Structures are given as C-alpha cells and as structure tokens.
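Chemist: predicted model, plus sequence, below.
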Amino acid sequence: PITALLLVQYLEHRGIQRRTYADDVKISARIQDLNDEFAGWFHPIKERLFETETAQKVIRNIENETNVLLLGAAGSGKSGCVGVLQKHLEGNHIPYLAIKLDKHPPVRSIDQYSKDLDLPISPVLSLESMVAKGSYGVLILDQLDSLRWTSAHSETALPICKKMLMQAQSISEKKIVVVLVSRAFDFENDAELKALCSDLQEKNTKWSTIYEEPWNENTVKKLVGADIYVQLSPQTRKLLQSPNNLAIWMNLDPNLRYSAFKGSTGLIEHWLHQIRTHSSLQGISLTALDDCLKKLLRCSRQSSAVPRSILNAEEAVIDFCLSEGLLYQNKSTVSFSHQSIADYLNVKQNLNAIYEQDISVSATLPELDKQLPGIRIQTQSYGFSCWMEKRTSSSQKDGNFLSLMVFGSITSAPFGKLWDKATRRVKKYLN
C-alpha cells in the first residue's frame, strides 16, 4: 500500500520539498497555549505533584522512545502522572503537545481538527516542526475514553486519532513518541478503543501498557498527617488510596472527615451535602445552585468544558462552586472538578426519575446505539450503593434497583432491553 511516508519520499526524490514550519512562531506559541491550558485543568492535591512509581515508569519508556498507553480506574491518579511527565519534559526542554480530548474532541476531519485547535497543520506535524533532527517530541492524548462517553463523539473521532498516530509513526528523521491516557474499564471493554492501539502494535510500533496503581499508605499518611491517619477506619484509609477520593476528603470540614463513608459514593454525598450547607450559610439559593449544576450537567454531555457564559447562572453561584472545589475554571470555560462528580449527578438524576415518575430503568437510558461505556461506568460505580440506600418494601422498586445493581457490573453492550427483562424476573422472584 502507498503510505504517507512513501509518498513523501517519492516527492522529495522528485525535488518537491515539504514546507518547513520550524520558524513558524505561531505554531510554537499555539502549542505552548495548548500545553498551558492542559496543565490548567489539573489541580494537584496541596498543589504538589507526586512522582509515583507509575510516573517514573512512563518517563523511562519515553526516554527509550517507547509509546505509552496509560490506563487506570477513574480517579486513580492518571492526571497526576501526566502532570509529572509534563514537568519532566519542560525541565529537559523536550518539545511536547498535550491535548485533552474531552475538551477538544476531534470532529469531521484532521484538517478541521487542526483548524479547531488553531494550528496551521495537523497536531503531529505541528509538533514535528519543533523537534530537532535526530531528536524526539512527545504527543499526549488524554481522556481517550471521552470519545466514547460524551455525545460529542462522532464516527470520525477515533479515525482522526488513528490518523494522528499513523502520522507520528511515519515520521523518519525525527521521532514523535505518543502517550495515550484512558480509563481502563472503557479501553478494555470497547473494541474500537482497543483497535486503535492493536492495529499499530501489529506494525511493529513499540508500545508499553502501564496501569496506574492505588497510592501506597505512606503517601496517603504524609498528606493526611500521621496523627489523623491513625484515627481513620481501615475502610476510609483504603478509600483514600484513590487520589480523587483523597482530594474530595480533604475538602471536607474537619468534623466530617471521620464519618463512616459508604464507598466513593458516600464520600461524594457527604461532600455535596456540605456544599449545600455552605451555600445556605453564604446566602446562595439552593434552587439557583441546583439549576446551575443541572445546566452544566446537560451541557457537559456535549463537551466537558462549557463556556461560563452559557450556564446563565448568577456569577455568585459559579464563584461559590469554584471556591468549594466542585468546579474548575480554565480561561472562560468551566467543568466539574472530576468526571466522577458528573457520573454521580447523572445517576442520581436517573434514580430520582425512576422513583418520582415511576418509570422503568431502561427509560432513563439513551437509545440503543448511543449506550456508550460511560453508562456502564455510572451504573457499575453507583448502582449497588444506591440500591442499598434507596430500597423500600415495594417489589417494583426493589426489582428496578436489583436490575441496576446486576447489570451495572456487566461489560457487554448494548444492554438497554435487558434492564426491563431483568426487572420482570427479579420482581417475580421477590413476589
């Protein structure tokens, strides 16, 4: 087959040279802007980056010019790991381009994507223009899974990513090392995401798959404080080994930190309850707060970064959410501080609909062809605890939530019609 590399070599042999963008100041400035924006979305615990063993593995692979696939559970510390990598690249003056795919989802074509990023040529070729001959640069594509759990995904998103990876592979005199970051659950259970790397691995491209592991007890103890750590229950200590849980826990008022949390869901619920209490004390209307979060939740299904202006909320409400750490702002856009918050609010909204409107579970799910891995993430994460907390003597409700619990743990899709079928069987069993 005729590849991009063969075509370039043929044209150069015929005396047709590629345009050189090395002196294009616009590219350098724009890449710096994108990198700064990328870094701006991550807020490390106590404003400190932790060089974990996982981060060191990633850096070693990069130095060996090996592409990296970084996987981990939601909130496991992948963003922190990438933050350490950014710091390493900048400290060693290694050119890189970091893109959050949930903030900048690819659409239509690679040419259109380049325009959307305000780059004159594709992201890979833009980065190549900054790399010296015989050296290497690093392309970081974070939130790869977001292409499968926001409605902003399209049939062209993954092919555009694949084309960028093929461009990186075709560069000969320089080297573009790629770092892909994704939730493990999505990657391992989505055929298209897996194919993105497997196709390239078959072409003898060097890849290393690295899993982000929970933080060890010593790291947590240093952050929490040894005197406080010894007073925590074993369940809470284990819970705090997830950086996302630890960040939420540290936002709690001191008197709430010793509560008995029912997993990550219980921790989020304590935090949201605290935020509502704080809002009342600060004169923020609960109705205005709820309306703001609902609007952000709706908009974030298109893109996780939403222009602040379209929330149509009082400035004081948004500022309050930012001060509580519930939202992050980067330039003129805002987003939930972590996807787990959006997951929780989505599930809560659906559960309320099931009870208040007495509708079937499947009625809360998207159409069959739109049931992306994010739906399973939400039900898997919160189905069981919600069922336990909400169950009543009603067999209808018990049946709905038992179905939610069971099918929240399966990985095959589509599964929409299975919800009602399971509900009927469970109800029959309960009766």
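Modeler: Cool, the structure landed.

Chemist: for the stretch 151-300 of the chain, just list every one of the helices.
Modeler: For the stretch 151-300 of the chain, the helices defined by DSSP state H, counting those that start in this stretch occupy 157-170, 184-189, 191-201, 217-224, 226-229, 234-239, 243-250, 263-281, 286-299.

Chemist: can you give me phi and psi for the one residue sitting closest to the centre of the chain?
Modeler: By Cα atoms, centre = their mean, the mean C-alpha position of the chain lies nearest to Gln143, the distance being 4.4 Å. Dihedral angles phi and psi of Gln143 (degrees, to the nearest 10) take the values phi 60, psi 40.

Chemist: now for it: which residues touch it?
Modeler: With contact taken as Cβ atoms under 8 Å, 6 or more residues apart in numbering, Gln143 is in contact with 100-103, 181-182, 304. To be clear about C-beta, it is placed using only N, CA and C from the backbone, and glycine gets the same treatment.

Chemist: kindly reformat those as a markdown table containing distance to Leu165 and neighbour count.
Modeler: Converted to a markdown table, the contacts of Gln143 look like this (distance: Cβ to Cβ, whole Å; neighbours: other Cβ atoms under 10 Å):
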| residue | distance to Leu165 | neighbour count |
| --- | --- | --- |
| Lys100 | 17 | 24 |
| Leu101 | 13 | 24 |
| Asp102 | 18 | 23 |
| Lys103 | 19 | 19 |
| Val181 | 14 | 26 |
| Ser182 | 14 | 26 |
| Ser304 | 23 | 25 |
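
Chemist: which among those gets closest to Ile2?
Modeler: Leu101 (28.9 Å; Cβ to Cβ).

Chemist: now the residue nearest to the centre of the chain: how far from Ser182?
Modeler: 7 Å (Cβ to Cβ, to the nearest Å).

Chemist: buried sites along the lengthiest strand in the chain?
Modeler: Ranked by number of residues, the top strand in the chain under DSSP state E is strand 175-183. Neighbour counts over strand 175-183 (16 or more other Cβ atoms under 10 Å) mark 175-183 as buried.

Chemist: closest one of the contacts of Gln143 to Asp111?
Modeler: Looking across the contacts of Gln143 and measuring by Cβ to Cβ, the closest to Asp111 is Leu101, at 17.5 Å.

Chemist: just give the nearest non-adjacent residue to that closest one, would you?
Modeler: In this structure, Leu101 finds its nearest non-sequential neighbour in Gln143, 4.8 Å apart by Cβ to Cβ, 6 or more residues apart in numbering.

Chemist: Val181 contacts Leu144, correct?
Modeler: Yes. At 6.2 Å, Val181 and Leu144 qualify as touching, with contact defined as Cβ atoms under 8 Å.

Chemist: where in the stretch 251-400 of the chain is pLDDT low?
Modeler: The stretch 251-400 of the chain contains residues with pLDDT under 70 at 354-400.

Chemist: go on, the stretch 51-200 of the chain?
Modeler: The model of the stretch 51-200 of the chain has pLDDT under 70 over residues 148-154, 199-200.

Chemist: all strands of it, in order?
Modeler: 67-72, 96-100, 136-142, 175-183 (DSSP state E, counting those that start in this stretch).

Chemist: need the ones you listed in JSON lines with distance to Asp33, can you?
Modeler: Shown next, in JSON lines, are those (distance: least, Cβ to Cβ, whole Å):
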{"stretch": "strand 67-72", "distance to Asp33": "24"}
{"stretch": "strand 96-100", "distance to Asp33": "11"}
{"stretch": "strand 136-142", "distance to Asp33": "15"}
{"stretch": "strand 175-183", "distance to Asp33": "19"}
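
Chemist: out of the ones you listed, which is closest to Ser28?
Modeler: Nearest of the strands of the stretch 51-200 of the chain (Cβ to Cβ): strand 96-100, 10.8 Å.

Chemist: what are the buried residues along that closest one?
Modeler: Applying 16+ other Cβ under 10 Å to strand 96-100 flags 96-100 as buried.

Chemist: quick one: residues contacting the residue lying closest to Glu53 once chain neighbours are set aside.
Modeler: Nearest non-adjacent residue to Glu53, counting by Cβ to Cβ, 6+ apart: Glu213, 7.5 Å away. Taking Cβ under 8 Å, 6+ apart, we find Glu213 in contact with 52-54, 72, 76.

Chemist: CA atoms only for the longest strand of the chain, dumped as CSV, please.
Modeler: Provided in CSV are the C-alpha atoms of strand 175-183 (Å, rounded to 0.1, in the frame of the first residue of the first chain):
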residue,chain,number,x,y,z
LYS,A,175,10.6,10.8,16.5
ILE,A,176,7.2,11.5,17.9
VAL,A,177,6.5,9.4,21.0
VAL,A,178,2.9,9.0,21.8
VAL,A,179,1.2,8.8,25.3
LEU,A,180,-2.4,7.7,25.3
VAL,A,181,-4.4,8.0,28.5
SER,A,182,-7.7,6.3,29.2
ARG,A,183,-9.9,4.8,31.9
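
Chemist: okay, now the sheet partners of it, with direction.
Modeler: strand 67-72 (parallel), strand 136-142 (parallel) (DSSP bridges).

Chemist: quick one, the shortest one and helix 243-250 angle?
Modeler: It stands for strand 67-72. Relative orientation of strand 67-72 and helix 243-250, computed by axes from the mean of the first three to the mean of the last three Cα atoms, to 10 degrees: 50 degrees.

Chemist: for strand 67-72, the distance to its chain's centre please.
Modeler: For strand 67-72, the separation from the chain centroid amounts to 13 Å (computed by Cα atoms, centre = their mean, to the nearest Å).

Chemist: now do the last one
Modeler: Distance of strand 136-142 from the chain centroid (Cα atoms, centre = their mean) equals 17 Å.
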